[in-house]
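# next come a sequence and a model predicted from it.
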Amino acid sequence: MEGWLVAVGFHPLASNGNRVAPRRVLAFMKLRFHTAALLLALPAGAAYSQHSSFAVATIRPSAAEVKFEHDGSIEIFGNTLRMKDVMVQSCIKWAYNVQDSQIAGPEWIESDRFDITAKSDKPANEDEMKRMLQGLLAERFGLSFHREQREMKALILSVASTGAKLKPAAAPDAPPYRQNSANGSIAKSMPIQEWANFIAGPLQMPVVDETGLTGKYDFVIDFTGYIPEPGKNMDVARPDATGILKAVLHDQLGLNIDAHKTRVEVMVIDRVEKPSAN
């Protein structure tokens, strides 16, 4: 179960085996779109062969879903990267710091789920783990891609006129942490760009960070009172996910999201395969 993500509009799509495939938001705000000189770009990086490699890695079919987490869970412990119930798309997003809308590939990368445990020869920070995961995706999944720009609708994240309502992280050197619940999310040491990447998933649109906020922050968002209670107002249309999230971000974090049209750099996958044997 994905908690508030379901409540604001995630729906089951086609199943893969006995698993429920990723849920997507189907309702969007009806806004007027304008052209803006914006670019949501993929990070430049060296070829995977130049990355440090994991000393050992195991990839298995997912043993169990991670409650409330559509993309599964990703944790770093010293020299170990542990990923549970992740899709290949989840891995690509985390490794390359991109959003769902920036990945164009086969359907199975958004449905097949895996548990991945990878270890390096020595402790590594988050950026180092991401570079090693890029290499693992190329080596074990045969991932290759090219980049191209596409024009599409996007949501621009900015600071509201009343100012941001964000608390600087108590532990800014700690890796970003986020956990969903039935009613909201808790975030610690969270960069705003990473938060934008997260909310782009349920909104199924690119989210461009134009807040100018470069630090890390601790915050909580609570959807209580914004989402109709089960059994009430059942005669009205399904909740508008974008409208609800827009209200919550403005009221609780002092942030706005507004729709525009922009050019987005997309990873077009040329090749990806089911993982090779351990």
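Perfect, I can see it now. Numbers count the residues shown, from 1 in each chain.

# so, low pLDDT: which residues of the protein?
For the chain, residues meeting the criterion pLDDT under 70 lie at 1-51, 229-239.

# in it, which spans are helices?
Taking DSSP state H as the test, the helices found in the chain are 4-7, 88-96, 126-141, 192-203, 241-248.

# to residue 157, which of the ones you listed lies closest?
helix 192-203 (5.3 Å; C-beta to C-beta). Placement of C-beta: from N, CA and C, glycine included.

# how far away is residue 192 from residue 74?
Applying C-beta to C-beta, to the nearest Å, the value for residue 192 to residue 74 is 19 Å.

# oh, that last question was meant for residue 185, not what I typed.
For residue 185, the distance to residue 74 - C-beta to C-beta - is 15 Å.

# list the buried residues of stretch 73-80.
Buried residues in stretch 73-80, counted by 16 or more other C-beta atoms under 10 Å: 73, 74, 76.

# nearest spatial neighbour of the last one, chain-adjacent residues omitted?
Distances taken as C-beta to C-beta, 6 or more residues apart in numbering place residue 129 nearest to residue 76, at 5.7 Å, with adjacent residues excluded.

# roughly how far apart are that neighbour and residue 275?
Counting by C-beta to C-beta - residue 129 and residue 275 are separated by 18 Å.

# same check on residue 224?
Taken as C-beta to C-beta, the span from residue 224 to residue 275 is 40 Å.

# between these two, which is the more surrounded one?
It is residue 275, of residue 224 and residue 275, that has more neighbours when counted by other C-beta atoms under 10 Å, with 21 against 10.

# who is the residue nearest to that one when sequence neighbours are not counted paired with across the strands?
Excluding the flanking residues, the one nearest residue 275 by C-beta to C-beta, 6+ apart is residue 59, at 4.4 Å. Beta-bridge pairing of residue 59 under DSSP bridges involves residue 116.

# and what of residue 271?
residue 144.

# count the neighbours of it for me.
Using other C-beta under 10 Å, residue 271 has 12 other residues around it.

# contacting residues around it?
142, 143, 144 (C-beta atoms under 8 Å, 6 or more residues apart in numbering).
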